[in-house]
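Trainee: Okay, sequence plus prediction incoming.
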Amino acid sequence: MTPEDKKRAAAEAAVDYVKVDTVIGVGTGSTVNHFIDLLAAKMGDRISAAVSSSEASSARLLALGIPVVDLNEAGQLDLYVDGADESNERLELIKGGGGALTREKIVAAASREFICIADDSKLVATLGEFPLPVEVIPMARELVANELRAIGGTPRLRADFITDNGNQILDVHGLQIDDALALETRINQLAGVVCVGLFAHRPADLLILGSDDGIKTLQRQAAPQLHPTTQ
């Protein structure tokens, strides 16, 4: 299977967890694009609405006939489905390759259950080979970059990119993240940081991976047991 085939397979498996007549949280990225397309094709108007983590996903949902609502209007969500750039076996994630990390973290925090979908190359022993995105207020970019160097990373400004929130992203190379919880806390406390793309305080509850051998799932030990729904 190609990487795109694996992404599509994971996305298709995630649709089975979506309940009818619910408001669903939807993330951002190439794997989520497959999920949006399949969600529209399989469930259509049986989805009440979606809360989206990016302008790009909102446009795709609306184009396929799925209403998009504001999180302030929707309140707590039953389910959030999103991709990841990396995951470890504890289902701690690096996210933000598409630049939507802040809104993704907000929607994840507002959701009872978080399903992550990816191809099997995204599962790693130690987080950090994928550069860690950090969204920063523009005036604090160099201040934050200096602090990130002190942590041991090599921050690089993501060129010609502005987030949906009007900020910049530093991609931090060279990290080996053994304690994702501690690093997420440390970076979040830096003045000028809007959000760091570590999802350790709110990891995924279920990881669905597309592989050459079919679908593989990993359940976070402390998470509620997730089971496909009967439509």
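Mentor: Right, received. Where do you want to start? Numbering: from 1, shown residues only.

Trainee: going forward, measure contacts between C-alpha atoms and count neighbours the same way
Mentor: OK.

Trainee: ok, and what's touching stretch 25-44?
Mentor: With contacts defined as C-alpha atoms under 8 Å, 6 or more residues apart in numbering, stretch 25-44 is touched by 4, 7-8, 11-12, 14-15, 20, 50-54, 56-57, 60-61, 64-66, 77, 79-83, 98, 100, 104, 107-108, 111, 117-118.

Trainee: Could you list which of the residues you listed belong to helices?
Mentor: Mapping the contacts of stretch 25-44 onto helices (DSSP state H) picks out 4, 7-8, 11-12, 14-15, 56-57, 60-61, 104, 107-108.

Trainee: which of these has the most neighbours?
Mentor: Neighbour counts for those (other C-alpha atoms under 10 Å) peak at residue 11, which has 30 neighbours.

Trainee: Not counting sequence-adjacent ones, nearest residue to it?
Mentor: Using C-alpha to C-alpha, 6 or more residues apart in numbering and skipping residues adjacent in sequence, the residue nearest residue 11 is residue 35, 4.6 Å away.

Trainee: doesn't the one you found fall inside a helix?
Mentor: Yes: Residue 35 sits within a helix when classified using DSSP: H, G, I helix; E, B strand; the rest coil.

Trainee: about what we covered before: nearest to residue 169 among the ones in helices among the contacts of stretch 25-44?
Mentor: For the ones in helices among the contacts of stretch 25-44, the minimum distance to residue 169 (C-alpha to C-alpha) is 14.6 Å, reached by residue 104.

Trainee: who touches the closest residue to that closest one other than its chain neighbours in this structure?
Mentor: Closest residue in space to residue 104, ignoring its immediate chain neighbours: residue 53 at 5.1 Å, by C-alpha to C-alpha, 6+ apart. Residues in contact with residue 53 (C-alpha under 8 Å, 6+ apart) are 25-28, 100, 103-104, 107.

Trainee: make it 7 Å
Mentor: 26-28, 100, 103-104, 107 (C-alpha atoms under 7 Å, 6 or more residues apart in numbering).

Trainee: Residue 130: which of the residues you listed is nearest?
Mentor: residue 100 (15.8 Å).

Trainee: Is the closest one in contact with residue 55, as I believe?
Mentor: No: in this structure residue 100 lies outside contact range of residue 55 using C-alpha atoms under 7 Å: 9.1 Å.

Trainee: So for these two, which sits in the more crowded spot?
Mentor: When neighbours are counted by other C-alpha under 10 Å, residue 100 comes out ahead of the other of residue 100 and residue 55, with 23 against 13.

Trainee: Neighbours of the closest residue in space to the more buried one that isn't next to it in sequence, how many?
Mentor: Spatial nearest neighbour of residue 100, chain neighbours left out: residue 54 (6.0 Å); criterion: C-alpha to C-alpha, 6+ apart. By other C-alpha under 10 Å, the residues close to residue 54 number 22.

Trainee: Look at residue 54 and report its pLDDT.
Mentor: Looking at residue 54, its pLDDT stands at 95.

Trainee: which residues touch it?
Mentor: Going by C-alpha under 7 Å, 6+ apart, residue 54 touches 28, 100, 103.

Trainee: what's the closest of the residues you listed to residue 217?
Mentor: Of all the contacts of residue 54, residue 28 has the smallest distance to residue 217: 20.4 Å, by C-alpha to C-alpha.

Trainee: domains for the protein, by residue range?
Mentor: For the chain, the structural domains run 3-123+201-219, 132-197, going by automatic domain parsing.

Trainee: which one of these is the most hemmed in?
Mentor: domain 3-123+201-219 (a mean of 20; mean count of other C-alpha atoms under 10 Å).
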